[in-house]
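Q: Based on what follows, work out the 3D shape:
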Amino acid sequence: MNFKDRWRPAPDHLGVGVSGLIPNSQARAAVFLAGLGVSVWFTVEGFTGRPGVTALAELTLAGVAWLMLATERTVTLAPAAAAVMGAAGGILAVRDQYGLIFVAVAAASATVMLDLFPATIVSVVSPAAFATTAAVQGVLPGRLDEAVAACLVGMVSGVYRRAVVLRAKQATLLATARQRSEVASQQAELATERIRLGRELHDVLAHTLGALSIQLTALETLARNGTGPEELLAQVERSRQLVSAGLDEARQAVRALREDTVPLAEQLEKLCVLHDTELEVFGAVRPITAEARLALYRVAQEALTNAARHAPGSDVTVWLAFEPGEVVVSVRNSRSRLATPALLARGGGYGLSGMRERVLQAGGQLQAGPTEDGWQVTARIPA
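A: You can find the predicted model right below:
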C-alpha cells in the first residue's frame, strides 16, 4: 500500500458504534444521524445559560464535520472531517464535558477509516486542540486526562470496528471464491458431458454405418449372384431397420447420459435381434448405474459389429450374467464360414482400445482374445 492509499478511506468503513454494525448503508446513515442529533442536543444543553458566538461557531463546525462523515459524497474528505471534528471536540471539552463525545467519535472514525499510523495522527489532534485551548485560557491541564482517555476509547472501538469490517470482507471474498469454484466445476461438468455425448454419438454413427456397409456389401453380392427379388427386398428391409435402429440408439445414448433407466437386458435384446443372434441372461436381473450400463452395451455392440465384419456367417452367442458384485457381458463367435474380403473394407467404432477404455472408466476390466474355434470378448463391471 502506498502513502496516499493509507490516507484514503473506504465507504464500507463509515460508521462507528451501533451504526457501524449495520450493513445497509441507508439504515446506517439514519442511525448515524440520530446519534449526531442526540450528541448535538447534549452539547447545546451544556451551553444553556452560557451563549456566545465562539461556542456557537465551535458547535456548528463540529456538527458540519460529523455530517461530512455521514455523507458518502464527501468520503474523500472524511479524514479531514474527522480531524476537524476532533479538534472542535477538544476545544469544546475545555468548557464542557460534552465535547468529549466528539473527541471519541473522531478518534473512532479515524481508526476505522485509516491505517493505525495516520489514524493516530488524526486522533492526536483532539487532545492537542484541547491542550492548546486550555493553555490559552489558563485552565491547563483541566480535563486533559479525560480528553486523552476519550481519544483512546475511541481508537480502541475503531480498531474493533475495523476488525469486524476486515472479517466481513474476508468472508465475502471467500464466498465469492467458493462461488467461482462452483461455477468452474459446473462448467467442467458441462464440458465433460458434451465430450461424452459427442463420443456416444460417434460410436452410434460408426456402428450404424459400419453395419449398414456390411449389409449393403452382402446385398450387392446377392444381386450379382442373381438372387430373387424377394430375398433382395428382405435385405433392403433389413438395411432400413439398421438405419432406424441407429436413430433409436442415438436417442438411447442421450437418455443414458441423462441417467434415464433403460434396462440393459432390453437394450441387448434389441441389439441381438439386429444381428440375428440370441441373448442368454443368467442370474437375477437388477438395476445398474447408467455408466456401467452404457459401457457394457457398447462392448456388446462393438463385439457384434466386429464379428459381422471379420467373421461373416459365424455362430455368435451373447450372454449377460448378473453375478454377485458384478455384471458380465460376453460375446463369442466361431470362425468365419465365408470368405468375403469386401466385408473388411469398413471400420466401426474405437475397436478393442475403445472398449477397454470404456470398461476401465467404469471401474471394470475387459478380456478379449482368440478361443479354440473363434474369438471372445468379455467385460466385467462391479455393480
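
Q: part of a helix, is residue 367?
A: No - counting by DSSP: H, G, I helix; E, B strand; the rest coil, residue 367 is not found in a helix; it is strand.

Q: Thought residue 377 was touching it, still the case?
A: Yes - if you go by C-beta atoms under 8 Å, residue 367 and residue 377 touch, sitting 7.4 Å apart. For glycine as for every other residue, the C-beta is placed from the backbone atoms N, C-alpha and C.

Q: Compare the two and say which is more crowded by neighbours.
A: When residue 367 and residue 377 are compared for neighbours, residue 377 comes out ahead with 24 against 12, by other C-beta atoms under 10 Å.

Q: and that one, backbone torsions?
A: Dihedral angles of residue 377 (phi, psi; degrees, to the nearest 10) stand at phi -120, psi 130.

Q: Name the helix or strand for residue 111, please.
A: Here residue 111 sits within helix 99-113, counting by DSSP states H and E.

Q: which residues touch the residue lying closest to residue 126 once chain neighbours are set aside?
A: What sits nearest to residue 126 in space, not counting adjacent residues and going by C-beta to C-beta, 6 or more residues apart in numbering, is residue 86, at 3.7 Å. Residue 86 makes contact with 102-103, 106-107, 110, 122-123, 125-126, 129, 151 under the criterion C-beta atoms under 8 Å, 6 or more residues apart in numbering.

Q: hmm, back to that, using CSV, list the CA coordinates for the helix holding residue 111.
A: The C-alpha coordinates for helix 99-113 follow below in CSV (Å, rounded to 0.1, in the frame of the first residue of the first chain):
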residue,chain,number,x,y,z
GLY,A,99,-17.2,17.9,23.8
LEU,A,100,-15.6,14.6,24.8
ILE,A,101,-18.2,12.9,22.7
PHE,A,102,-16.8,14.5,19.5
VAL,A,103,-13.3,13.5,20.6
ALA,A,104,-14.2,9.9,21.0
VAL,A,105,-16.2,9.7,17.8
ALA,A,106,-13.5,11.4,15.7
ALA,A,107,-10.8,9.1,17.0
ALA,A,108,-13.0,6.0,16.4
SER,A,109,-13.9,7.2,12.8
ALA,A,110,-10.2,7.8,12.0
THR,A,111,-9.1,4.4,13.3
VAL,A,112,-11.9,2.7,11.3
MET,A,113,-11.1,4.5,8.1
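
Q: and the helix or strand following that helix, how far out from the chain's middle?
A: Proceeding N to C from helix 99-113, the next assigned helix or strand is helix 116-137, under DSSP H and E. Relative to the chain's own centre, helix 116-137 is displaced by 51 Å; criterion: C-alpha atoms, centre = their mean, to the nearest Å.

Q: Which of the residues in helix 116-137 are classified as buried?
A: By 16 or more other C-beta atoms under 10 Å, the buried positions in helix 116-137 come out as 118-119, 122-127, 129-131, 133-134.

Q: what does stretch 235-247 give?
A: Neighbour-count burial for stretch 235-247, counted by 16+ other C-beta under 10 Å, picks out 235, 238-239, 242, 245-246.

Q: avg pLDDT for the host helix or strand of residue 292?
A: Using DSSP H and E, residue 292 falls within helix 290-310. In this model, helix 290-310 has a mean pLDDT of 85.

Q: what's the spacing between it and its chain's center?
A: Relative to the mean C-alpha coordinate of its chain, helix 290-310 is positioned 36 Å out (C-alpha atoms, centre = their mean).

Q: now swap in stretch 85-101 and tell me
A: Taking C-alpha atoms, centre = their mean, one finds the center of stretch 85-101 at 53 Å from the center of the full chain.

Q: One more: stretch 81-88?
A: Centre-to-centre, stretch 81-88 and its host chain are 47 Å apart (C-alpha atoms, centre = their mean).

Q: hang on, the earlier thing: which elements pack onto the helix holding residue 292?
A: On a contact count with 3 or more C-beta pairs under 8 Å, 6 or more residues apart in numbering; DSSP states H and E, helix 290-310 meets helix 144-224, helix 229-257, helix 264-274, strand 316-323, strand 326-334, helix 351-361, strand 374-382.
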